[in-house]
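**Q** Mind folding the following:
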Amino acid sequence: MGCRSLLTAAALMASLGLAATPVVAQEAASGDRVLASSVNGFNPAAVRSMIARGDAAAASGNLETARKEYDGARKAAKQLLAFYRDLSGAFRGLDARIPREMDTKGREALGLLAEANLRLAALFRRQNQPEVAVPVLVEVVKLMTPAQPQGRKAYQSLLELGFVDTEFKGAAPASN
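**A** Numbering: from 1, shown residues only. As a prediction, this is how the structure comes out:
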């Protein structure tokens, strides 16, 4: 009976060694974190880089390149925002650190989306296409609300274009 127990234990150990071991998430080495690159990555820093390249192109008069950079920044910021929201929701109730991180990154992506939209709208205005700027400006007001600087700036641009007539003076101070 002792020999049979020994053989059973040996068989069990051998089968555990052959079984697939669970993969444990590990932090990748810095060389493996290709999406973390601030130039070619897929992150808020890369979106900022696209906006900066668009600004440089617009300053040099290359408006077509500027538009491509701003459009790329808008697309990337929208994707990041959606992915951060999805990850935040997936981890709610499981690990509070991850939703907090994703919510912070999502707010950053939202701000970058608003900045890219404002730059694109300014480009449309510069190209004498105010009707194309209107939906982009309205999107900024909707995303950021007029309480935020980007939302106020977008609404002010709509006022300057003549799309709206009422000046926004901000929220009335609370009275006691």
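
**Q** who's in contact with the most centrally placed residue in the chain?
**A** The residue lying closest to the centre of the chain (CA atoms, centre = their mean) is Ala109, at 2.9 Å. By CB atoms under 8 Å, 6 or more residues apart in numbering, Ala109 lies in contact with 44, 47, 77, 80-81, 84. Placement of C-beta: from N, CA and C, glycine included.

**Q** rerun that using 6 Å as the cut-off
**A** 44, 77, 80-81 (CB atoms under 6 Å, 6 or more residues apart in numbering).

**Q** most surrounded residue in those residues?
**A** Ranked by the number of neighbours (other CB atoms under 10 Å), those place Ala77 first, at 26 neighbours.

**Q** doesn't Val47 make contact with it?
**A** Yes: the criterion here is CB atoms under 6 Å, and Ala77 meets it with Val47 at 5.1 Å.

**Q** residues shared between the contacts of these two?
**A** Common neighbours of Ala77 and Val47 (CB under 6 Å, 6+ apart) are Leu112.

**Q** mind checking which helix or strand Ala82 is in?
**A** Using DSSP states H and E, Ala82 maps to helix 63-91.

**Q** how about Ala147, phi and psi?
**A** Reported as degrees, to the nearest 10, the phi and psi values for Ala147 are phi -80, psi -20.

**Q** before we move on, back to that, name the next helix or strand following the helix holding Ala82 along the chain.
**A** Helix 63-91 is succeeded, C-terminally, by helix 97-126 (DSSP H and E).

**Q** helices and strands around the helix or strand following that next one, which ones?
**A** Later in the chain than helix 97-126, the nearest helix or strand by DSSP H and E is helix 130-144. For helix 130-144, the elements it packs on are helix 97-126, helix 149-161, judged by 3 or more CB pairs under 6 Å, 6 or more residues apart in numbering; DSSP states H and E.
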